[in-house]
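**Q** mind looking at a prediction? Sequence and model below.
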Amino acid sequence: MRFETIAAQGFLDLEKQNHTVSTPIYANTAYSFDSVQHAIDLFDLKVGGDIYTRLSNPTNDILEKRVAALEGGIGALATSSGMSAILIAILNITCAGDEIITSSKIYGGTYNLFAKTFKQMGINVIFIDSDNIDDYEKAINEKTKCIYTETIGNPSIKIADTEELSKLAHRHGIPLIVDNTVPSPYLLRPIEFGADIVIHSSTKYLSGHGNAMGGIIVDSGKFDWEQNGKFKMLTTPDESYHGITYSKEFKNAAYIAKSRAHLIRDLGCCQSPFNSYLTILGLETLHVRMERHCDNALKLAEYLESHPHINFVKYPYLKSSKDYNLAKKYLTYGASSLMGFGVDGDGKKFIEALKLFIHATNLGDVRSIITYPAGTTHRQLSDEQLKRAEISKDYMRASVGLENIQDIIEDIDNAIKISRK
Ligand SMILES: Cc1ncc(COP(=O)(O)O)c(C=O)c1O
């Protein structure tokens, strides 16, 4: 099956689901056991099956299988939000005393999780300001457990060199974990460029309609966790499951099996079946939406670039972008719908004059959304941190929606005029 077919109907089992053509919502908490032995085997992870919705659920299962297939992975875990996907993805292989390496140009929420919460937990995160792979290499030491990056940074719109980062990580026996929220698997499949673990805030393009919080972790199944003794959590017995060793029991699915058996069990940040249902509905049109998102965004970026009162435009499919070559290498159809630009006018007046663009902090919605990072998502960051994240005070982040492109351009044009009065 090709991408569009998997997106539209992957893993539907019509007979099992009473011939309902749309995915049913299993609004259900617990599952009956066939016998006491069956329950024992389920609890010992000797057989697969549902026990309790915090761990697994048939609606969530369809979402997980579909996204795993779209990303080219061997398995996935749906979570309650993108943040909980990142939390679990990292905690699955790190503990106090460990280090991870990341770019400083990542989503503000992830930055806070790494810089503050992980620090409190004793996990040290090294932020790299430059795009130079050598700077990442210099930061690696024996405590480093992974490299983490965003394939397209939000709101920096920076394209990561996923292939080079994965080669570097693998040379040092550690995995590359990427957040692929902004391109979605329709535009970029990071596993094909060597990424080991892919996470998403499904809140964004995957669900696509701004109505379902969610996150998902996809395991490529390609990383060898046993190669160097660095990943003891996966390669030594887990006492809470009568001493099973994930890498022995689940082989190349060890990572994703542990994330479910251990972390979603203990942390409880599971996806609700209703949100999974909404996300599955979104997935069914992902490929169609992404094409229009990309077309509208490129047209708006080209218009803004030629506008006399726009200070700068950041959109990787513009030929003038310093990431243009990376964009052409990694992004098959277009550069998604996230862009940044600076208005030569009063920023507050600009935002408030917009009629079609909604002033909110989200992206990947069918509706166009404008965000002012320095005043909202990145408000907690110091001036120094803002500089490192390349967020200037006039930076406007737009997530271009699926409305008529002429209406989108006219809305921005009108707001620029008002911002200069
Ligand atoms: C790139 C990226 N990753 C992760 C997140 C966090 O996702 P969520 O809001 O679903 O927790 C966001 C949220 O904006 C994001 O933009």
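**A** Perfect, thanks for sending it.

**Q** rest of the way, CA atoms for contacts and neighbours
**A** OK.

**Q** which residues touch the closest residue to the ligand within the stretch 51-200 of the chain?
**A** At 3.4 Å from the ligand, residue 82 is the closest residue in the stretch 51-200 of the chain, using C-alpha to the nearest ligand atom. Applying C-alpha atoms under 8 Å, 6 or more residues apart in numbering, we find residue 82 in contact with 199, 200, 201, 202, 203, 213, 214, 215, 216.

**Q** strands of the stretch 201-350 of the chain, start to end?
**A** 215-219, 310-314, 338-343 (DSSP state E, counting those that start in this stretch).

**Q** and the second one, which strands flank it?
**A** Strand 310-314 has these partner strands in its sheet, going by DSSP bridges: strand 338-343 (antiparallel).

**Q** and for the partner strand, what are the contacting residues?
**A** Contacts for strand 338-343 (C-alpha under 8 Å, 6+ apart): 155-157, 182, 297, 301, 309-315, 350, 363-364, 394-400, 416.

**Q** could you redo the last one with a cut-off of 6 Å?
**A** 310, 311, 312, 313, 314, 315, 394, 395, 396, 397, 398, 399 (C-alpha atoms under 6 Å, 6 or more residues apart in numbering).

**Q** by neighbours, which of those wins?
**A** In terms of neighbours by other C-alpha atoms under 10 Å, the contacts of strand 338-343 top out with residue 315 at 29 neighbours.

**Q** interface residues of the stretch 201-350 of the chain facing the ligand?
**A** Selection of the stretch 201-350 of the chain residues close to the ligand by C-alpha under 6 Å from any ligand atom yields 201, 203, 213, 214, 215.

**Q** now the fourth one: closest residue in space, sequence neighbours ignored.
**A** To tie it back to what came earlier, the one meant is residue 214. Once flanking residues are discounted, residue 214 sits nearest to residue 81: 3.8 Å by C-alpha to C-alpha, 6 or more residues apart in numbering.

**Q** give the contact list for that neighbour.
**A** Contact analysis of residue 81 by C-alpha under 6 Å, 6+ apart lists 213, 214, 215.

**Q** roughly how far does the residue of the stretch 251-400 of the chain found nearest the ligand sit from residue 80?
**A** Closest approach between the stretch 251-400 of the chain and the ligand, counting by C-alpha to the nearest ligand atom: residue 362, at 6.1 Å. Distance check for residue 362 against residue 80: by C-alpha to C-alpha, to the nearest Å, it reads 16 Å.

**Q** more crowded one of these two?
**A** residue 80 (22 against 17).

**Q** show me which positions of the lowest-mean-pLDDT helix or strand in the chain end up buried.
**A** Ranked by mean pLDDT, DSSP states H and E, the weakest helix or strand in the chain is helix 383-388, scoring a mean of 80. Across helix 383-388, burial judged by 16 or more other C-alpha atoms under 10 Å covers 386, 388.

**Q** equivalent analysis for stretch 52-70, please.
**A** 53-70.

**Q** and stretch 91-98, by the same measure?
**A** In stretch 91-98, counting by 16+ other C-alpha under 10 Å, buried: 91, 92, 93, 94, 95, 98.

**Q** contacts for that stretch?
**A** Everything outside stretch 91-98 that qualifies as a contact, by C-alpha under 6 Å, 6+ apart, is 122, 123, 143, 259.

**Q** how long is it end to end?
**A** One end of stretch 91-98 sits 10 Å from the other (C-alpha to C-alpha).

**Q** can you give me how far it is from the chain middle?
**A** How far stretch 91-98 lies from its chain's middle: 20 Å, per C-alpha atoms, centre = their mean, to the nearest Å.

**Q** now do it, average pLDDT.
**A** Mean pLDDT, stretch 91-98: 98.

**Q** stretch 145-165 now?
**A** Here the average pLDDT along stretch 145-165 is 96.

**Q** now stretch 177-188
**A** What stretch 177-188 shows for mean pLDDT is 98.
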